[in-house]
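In: this one's sequence-less:
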């Protein structure tokens with residue numbers, strides 16, 4: 001089907017013995033991106049996201065894109081969403097998202113979510129969080145002048161905010177912290193949660209060590 005739908009695409013089919021996750025990790029050392037299918041999002045299916053997808057997303061040497069199984073009535077998807085938390089990890093995600101938005105001629109929405117105890121002044125905290133997002137996105141519009149960028153600061157849990165914002169977009173991009181550590185086994189709570197619950201494609205991008 002790929003050669004029919006994409007006649008200009010060069011396709012190389014490989015068959016290798018071994019566990020699927022380990023083979024994909026080895027292939028990821030020389031790949032620009034690994035694309036995997038997942039069992040879908042929401043409900044029980046989302047809570048048992050395939051072990052291969054989670055393992056590869058946690059340990060691959062390149063970005064990993066997880067594409068959920070269509071559930072029927074798929075929305076018309078437009079735009080790219082990237083999660084921004086002010087860290088170096090999210091800088092890698094922003095870079096990947098900007099490249100995707102430029103290549104696909106799509107608008108980029110940079111989302112920074114925060115939630116704090118009621119005792120905090122929401123106006124003051126909200127202003128601080130807007131500054132975090134602005135500083136994180138500084139310079140990217142100059143580097144990619146061809147893309148439209150929107151900043152969104154949302155008072156909500158990051159997973160819920162990103163999943164909601166990305167309900168009808170072509171790609172949601174999140175960052176993940178380095179390979180080989182105990183933390184990477186859990187992939188990070190936000191990227192892990194987004195993989196479980198997003199209804200569209202998710203790219204997990206790791207910061208370069």
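Out: Looks like it arrived, so ask away. Just so we're clear, the structure is a prediction, and the values are computed from it rather than from any experiment. Numbering: from 1, shown residues only.

In: what's in contact with the one helix or strand residue 35 maps to?
Out: Using DSSP states H and E, residue 35 falls within strand 34-38. Residues from elsewhere that reach strand 34-38 (C-beta atoms under 8 Å, 6 or more residues apart in numbering): 24, 27-28, 49-50, 52-53, 56-57, 60, 62-69, 195. Using the backbone N, CA and C atoms, a C-beta is placed for each residue, glycine as well.

In: Check which residues of it are buried.
Out: Neighbour counts over strand 34-38 (16 or more other C-beta atoms under 10 Å) mark 34, 36, 38 as buried.

In: Likewise for stretch 190-201?
Out: Neighbour-count burial for stretch 190-201 flags 190, 191, 192, 193, 194, 195, 196, 197, 198, 199, 200, 201 (criterion: 16+ other C-beta under 10 Å).

In: quick check, nearest of the buried residues of strand 34-38 to residue 139?
Out: Residue 139 lies nearest to residue 34 out of the buried residues of strand 34-38, by C-beta to C-beta, at 28.4 Å.

In: now residue 80, nearest residue through space, not along the chain?
Out: residue 101 (4.5 Å; C-beta to C-beta, 6 or more residues apart in numbering).

In: buried sites along stretch 161-172?
Out: Neighbour counts over stretch 161-172 (16+ other C-beta under 10 Å) mark 161, 162, 163, 165, 166, 169, 170, 171, 172 as buried.

In: Run a quick neighbour tally on the residue lying closest to residue 115 once chain neighbours are set aside.
Out: Spatially, and ignoring its direct neighbours in sequence, residue 115 is nearest to residue 157 (5.7 Å; C-beta to C-beta, 6+ apart). Counted with other C-beta atoms under 10 Å, residues neighbouring residue 157 total 15.

In: Isn't residue 157 up against residue 163?
Out: No: counting by C-beta atoms under 8 Å, residue 157 sits too far from residue 163 to count as a contact (9.6 Å).

In: Would you mind measuring from residue 126 to residue 95?
Out: Residue 126 sits 26 Å away from residue 95, going by C-beta to C-beta, to the nearest Å.

In: ok, residues contacting the host helix or strand of residue 203?
Out: Element membership for residue 203, per DSSP H and E: strand 202-206. Contacts to strand 202-206, defined as C-beta under 8 Å, 6+ apart, come from residues 33, 57, 60, 63-66, 89, 92-93, 95-97, 100, 166, 171-179, 187, 191, 194-195.

In: Show the average pLDDT along that strand.
Out: For strand 202-206, mean pLDDT is 93.

In: Direction included, what does that strand pair against?
Out: strand 64-68 (antiparallel), strand 171-176 (parallel) (DSSP bridges).

In: so which of the ones you listed comes closest to residue 107?
Out: In terms of C-beta to C-beta, the element of those nearest to residue 107 is strand 171-176, at 11.7 Å.

In: Off-centre distance for that closest one?
Out: 2 Å (C-alpha atoms, centre = their mean, to the nearest Å).

In: what does stretch 25-37 give?
Out: Here the centre of stretch 25-37 is set off from its chain's centre by 15 Å, with C-alpha atoms, centre = their mean.

In: element containing residue 151?
Out: Per DSSP H and E: residue 151 is located in strand 149-155.

In: Rounded mean pLDDT for that strand, please.
Out: The average pLDDT for strand 149-155 rounds to 94.
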